[in-house]
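**Student:** Next one to model:
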Amino acid sequence: MGLSQIKSWLVLVVCLSLCAALSASAFVSDVVSGQRVLSERRLLQVKKPCPVNFEFQNYTIITSQCKGPNYSPKLCCSAFKEFACPFVDELNDLRNNCALTMFSYININGKYQQGLFASLCREDKEGLECPAGPLSASLSEKDNKSSGNRIICQVLSMLMLSAANLVLSLQLFV
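**Tutor:** Numbering: from 1, shown residues only. Next up, the predicted model:
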């Protein structure tokens, strides 16, 4: 009786796998004509590479000031802003992977836990405000806020979710 149950389950799994594989593929006529209709939703969009090379940046700005085990929000956030604000336009561009790349290198170089800066550094609902650079010193406060001189907290939240997703994915395969 045990062997027949195993065979039944095996047949069921194979049938379900075939059904799933066939339902996900396009019709033959679509493949032949070169038309492929995507019916599934793409949750992870392909991002373009970051134009900034974060691998060779100087992280001592952060690592010299932000030290554990009791991370001071004042020291860590000011060091983080000093490091990240020169790249504010690249970090706020959701079409590239700059934020994820930068946080990966910060965590590697400083041996920080995932999401440390996202949980410590909060100024307002729009994110961290970067000081105006020399080129935008003449902008008014309203123009300054709309010119992209903020590190968006949505990027930080997205980074935390991406890191959690990566950790969970790695635990499934290990």
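
**Student:** show me where pLDDT drops low in the chain?
**Tutor:** 1, 3, 7-45, 133-174 (pLDDT under 70).

**Student:** Mind listing the residues bridging to L128?
**Tutor:** Beta bridges link L128 to I151, judged by DSSP bridges.

**Student:** since we're on it, how many residues are nearby?
**Tutor:** A total of 21 residues lie near L128 under the criterion other CB atoms under 10 Å. Quick note: C-beta positions are derived from backbone N, CA and C, even for glycine.

**Student:** Ok, P86 next?
**Tutor:** P86 has 14 nearby residues by other CB under 10 Å.

**Student:** wait, what's in contact with it?
**Tutor:** With CB atoms under 8 Å, 6 or more residues apart in numbering as the criterion, no residue contacts P86.

**Student:** next one: I106
**Tutor:** I106 neighbours (CB under 8 Å, 6+ apart): Y59, I62, F80, F83, Y112, F117.

**Student:** Could I get the residues you listed in CSV, plus columns for neighbour count and secondary structure?
**Tutor:** Shown next, in CSV, are the contacts of I106 (neighbours: other CB atoms under 10 Å; DSSP: H, G, I helix; E, B strand; the rest coil):
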residue, neighbour count, secondary structure
Y59, 17, coil
I62, 24, helix
F80, 22, helix
F83, 22, helix
Y112, 18, coil
F117, 29, helix
